[in-house]
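# 3D model of this:
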Amino acid sequence: MDTTNNKAAPLRGTASTPHANYKRFPAYGKQLMDQRLAGQVPRNGVYVVFDWKHARAFTRIVLADNVLFGDIEFRFLAGLDLTIAYRSAHASLVPALAREVLKVNPRILNEFAIDLPQNFILKNIAGESCYERSGA
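Predicted coordinates for the structure are as follows:
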């Protein structure tokens with residue numbers, strides 16, 4: 001699949017010094033952006049994960065442990081149903097990730113802790129930001 005985005009604004013800078021507004025795509029993010037530009041929307045939402053083993057059967061993006069979320073491009077997630085799926089080892093990263101993702105206005109944002117007893121709805125379908133427990 002060709003993932004070149006010909007509609008993007010020209011970059012200002014060089015390969016070693018990108019322009020000031022440059023943000024990196026997470027793994028699988030560029031492909032998802034290209035699909036969105038082509039008018040395609042993932043049928044079952046998108047999983048945002050930290051581990052390559054999680055959500056392999058679904059549309060997903062994978063974030064590295066050492067990444068600064070403010071440096072990641074998330075605009076392609078706008079209007080989508082999202083689930084942040086993680087293990088307890090990454091639980092401390094989830095609040096900062098959720099704040100960055102909420103900036104692009106997803107339709108729904110859920111937090112799913114794979115190995116913890118509680119899960120949360122961070123933004124519901126009505127567009128209300130909330131922290132409701134969705135499970136026991």
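# Go ahead and confirm residue 59 touches residue 41.
No. With contacts counted by CB atoms under 8 Å, residue 59 stays clear of residue 41, the gap being 9.7 Å. Placement of C-beta: from N, CA and C, glycine included.
# In terms of neighbours, single out the busier of those two.
Neighbour totals were compared for residue 59 and residue 41, and residue 59 leads with 17 against 12 (other CB atoms under 10 Å).
# residues contacting the more buried one?
28, 32, 42, 44, 45, 46, 47 (CB atoms under 8 Å, 6 or more residues apart in numbering).
# Buried ones among the residues you listed?
32, 42, 45, 46, 47 (16 or more other CB atoms under 10 Å).
# List the buried residues of whatever helix or strand residue 85 lives in.
Here residue 85, judged by DSSP states H and E, is contained in strand 81-86. Buried residues in strand 81-86, counted by 16+ other CB under 10 Å: 81, 82, 83, 84, 85, 86.
# Stretch 62-82 too?
So, applying 16+ other CB under 10 Å, buried residues of stretch 62-82: 62, 63, 69, 72, 74, 76, 77, 80, 81, 82.
# what about the residue most central in space within the chain, which SS state?
Centroid-nearest residue in the chain, with CA atoms, centre = their mean: residue 48, separated by 4.8 Å. Classification of residue 48 by DSSP: H, G, I helix; E, B strand; the rest coil places it in strand.
# Show residues contacting the following helix or strand past the strand holding residue 85.
Of the helices and strands lying after strand 81-86 in sequence (DSSP H and E), the nearest is helix 94-102. Residues from elsewhere that reach helix 94-102 (CB under 8 Å, 6+ apart): 48, 63, 69-70, 72, 74, 77, 82, 84, 86, 109, 111, 122-123, 129.
# Put the alpha carbons of helix 94-102 into CSV.
Output of helix 94-102 as CSV, limited to C-alpha atoms (Å, rounded to 0.1, in the frame of the first residue of the first chain):
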residue,chain,number,x,y,z
VAL,A,94,-2.9,6.3,30.4
PRO,A,95,-4.0,9.7,31.9
ALA,A,96,-1.5,11.7,29.8
LEU,A,97,-2.4,9.7,26.7
ALA,A,98,-6.1,10.2,27.3
ARG,A,99,-5.6,14.0,27.7
GLU,A,100,-3.7,14.1,24.3
VAL,A,101,-6.3,11.9,22.5
LEU,A,102,-9.2,13.9,23.9
